[in-house]
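J.: for reference, the sequence and a predicted model appear below.
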Amino acid sequence: MRPPSDYEAGPRMPAEAEEMDPRAPAMMICARLAGHAVIRVVGRCEDAQENSQLDLSECQLMQVPDAVYHLMRHTELKSCDLSGNVITKIPPKFAVKFSLITELNLSNNQIARLPDEICTLSNLQRLDISHNSFVALPHVACQCPSLHTLLAHHNQIIEVEATILERSRALEYVDPYRQSCTSTNTG
């Protein structure tokens, strides 16, 4: 016969399983923060369905979540703000899914390159890639047929090829500089 405490409390866990993982509190906090970030992104997508302006700034994003493309599949976006995240790459499908945008803010991320598909954004008028990791002005941005404003300051851009800018049909304003930069004419 067993003592009452052993069978009333149910089966006992091995001693090593009872010890709490020292990372558990931090993991619970991270899970809670991630849950709040997901709720924020979904809420902002719902707002964009009404006003055609997707604002995902300061959402701690490392990439554009696939769920965003799904949530926005029936919405014709006019602007998209992805600033203040930690995004390193814009996927090629971004330009396909959001083909009607006129303004794109990618500032304050960690982007060093734009996909070639960006030039298919025929309505894009304003592009902000400032405070990123570009070492040169993206050639593809200068191929956007309606782009008239390109902000690219506070990158690692040290030279700008004037011929690239000259080939752009609509580009009126370019700000690629931080402190001191030089323009080179390769033509």
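T.: Perfect, I can see it now. Numbers count the residues shown, from 1 in each chain.
J.: would you verify that residue 150 is located in a helix?
T.: No - going by DSSP: H, G, I helix; E, B strand; the rest coil, the assignment for residue 150 is strand, not a helix.
J.: got the buried residues for stretch 128-142?
T.: By 16 or more other CB atoms under 10 Å, the buried positions in stretch 128-142 come out as 128, 129, 130, 131, 132, 134, 136, 137, 138, 140, 141, 142. Placement of C-beta: from N, CA and C, glycine included.
J.: and these, which is closest to residue 62?
T.: residue 132 (14.2 Å; CB to CB).
J.: the closest one: which element?
T.: Assigned by DSSP states H and E, residue 132 falls within no helix or strand.
J.: tell me how far it lies from residue 56.
T.: Separation of residue 132 from residue 56 (CB to CB, to the nearest Å): 16 Å.
J.: the nearest residue to residue 52 once chain neighbours are set aside: neighbour count?
T.: Closest residue to residue 52 apart from its sequence neighbours, by CB to CB, 6 or more residues apart in numbering: residue 78 at 4.5 Å. Residue 78 has 16 neighbours, counted by other CB atoms under 10 Å.
J.: list the contacts for residue 78?
T.: Counting by CB atoms under 8 Å, 6 or more residues apart in numbering, residue 78 touches 52, 53, 100, 101, 102, 103.
J.: let's go with 10 Å and repeat that
T.: Residue 78 is in contact with 48, 51, 52, 53, 54, 98, 100, 101, 102, 103, 123, counting by CB atoms under 10 Å, 6 or more residues apart in numbering.
J.: cheers, nothing more for now.
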